[in-house]
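Engineer: Got a predicted structure plus its sequence, pasted below:
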Amino acid sequence: MNNPMLLAVRTLLKETFDGPEKNASWYTEAKPGNGLFGTLEKLSAEDASISVNGTTIAAQTDHTRYYLWAANSYLNGEEPRKDWEASWKITNVDKITWAQFNDKLQQEYTTLLKKIDLLDSLDEQTSNGLLGAIAHSAYHLGSIRQMIKALKVPSQT
């Protein structure tokens, strides 16, 4: 891949999901495990099911997966039938479901990287979609990290 924009998109997506490489970062804290996958792997299903300000980390995770699925569908030339509200209805997950959510998020992310590798150039629509995938995923990474902070605060007794 010789397209600098596609290389940048790939780099920023990898930082968002896998974390920064070689302790260098464009926008996340330059420590191992600071990407979305490293953040989520530290959480139990019970933690992911706790409501923080009306949503759960499980819902945030599934919503991020859903967005990547939609982005992948558009890159396939499809117009996906979207139901954004469905991804926010998740309130409680068990250990198996939580593992499935993480696996499906990984699958959509891997699919997106493979699609990027097949691109030679970018039109405006594809550019907006890929940049939107970075921004959207980074937003939810930040939301999840803030939710985790709220979960770890000792009770005020």
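Structural biologist: Thanks, I have it. Since the structure is predicted, the reported quantities are computational estimates derived from the model, not experimental observations.

Engineer: For residue 90, the count of nearby residues, please.
Structural biologist: Residues contacting residue 90 under the criterion other Cβ atoms under 10 Å number 20. Just so you know, the C-beta spots here come from the backbone N, C-alpha and C atoms, and that holds for glycine as well.

Engineer: mind listing the helices for the chain?
Structural biologist: 4-18, 36-41, 45-48, 57-75, 95-118, 124-152 (DSSP state H).

Engineer: Tell me which of the ones you listed lies nearest to residue 88.
Structural biologist: helix 57-75 (5.3 Å; Cβ to Cβ).

Engineer: Could you list every helix and strand in contact with the closest one?
Structural biologist: helix 36-41, helix 45-48, helix 95-118, helix 124-152 (3 or more Cβ pairs under 8 Å, 6 or more residues apart in numbering; DSSP states H and E).

Engineer: mind putting the ones you listed in TSV, mean pLDDT included?
Structural biologist: Below are these laid out as TSV (pLDDT from 0 to 100):
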stretch	mean pLDDT
helix 36-41	95
helix 45-48	96
helix 95-118	97
helix 124-152	93
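
Engineer: just to revisit the earlier point, okay, the helices of the chain, which one's buried deepest?
Structural biologist: Compared across the helices of the chain, helix 57-75 shows the largest average neighbour count, a mean of 22 (mean count of other Cβ atoms under 10 Å).

Engineer: what about dumping the CA coordinates of it to PDB?
Structural biologist: C-alpha atoms of helix 57-75 as PDB (Å, rounded to 0.1, in the frame of the first residue of the first chain):
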ATOM      1  CA  ILE A  57     -19.800  -0.900  28.500                       C
ATOM      2  CA  ALA A  58     -21.400  -4.000  26.900                       C
ATOM      3  CA  ALA A  59     -23.700  -1.600  24.900                       C
ATOM      4  CA  GLN A  60     -20.800   0.700  24.000                       C
ATOM      5  CA  THR A  61     -18.800  -2.300  22.800                       C
ATOM      6  CA  ASP A  62     -21.600  -3.700  20.700                       C
ATOM      7  CA  HIS A  63     -22.400  -0.300  19.300                       C
ATOM      8  CA  THR A  64     -18.800   0.100  18.200                       C
ATOM      9  CA  ARG A  65     -19.000  -3.400  16.500                       C
ATOM     10  CA  TYR A  66     -22.200  -2.400  14.800                       C
ATOM     11  CA  TYR A  67     -20.700   0.800  13.400                       C
ATOM     12  CA  LEU A  68     -17.800  -1.200  12.000                       C
ATOM     13  CA  TRP A  69     -20.200  -3.700  10.500                       C
ATOM     14  CA  ALA A  70     -22.100  -0.800   8.800                       C
ATOM     15  CA  ALA A  71     -18.700   0.700   7.500                       C
ATOM     16  CA  ASN A  72     -17.800  -2.700   6.100                       C
ATOM     17  CA  SER A  73     -21.100  -3.100   4.400                       C
ATOM     18  CA  TYR A  74     -20.700   0.300   2.700                       C
ATOM     19  CA  LEU A  75     -17.200  -0.700   1.600                       C
END
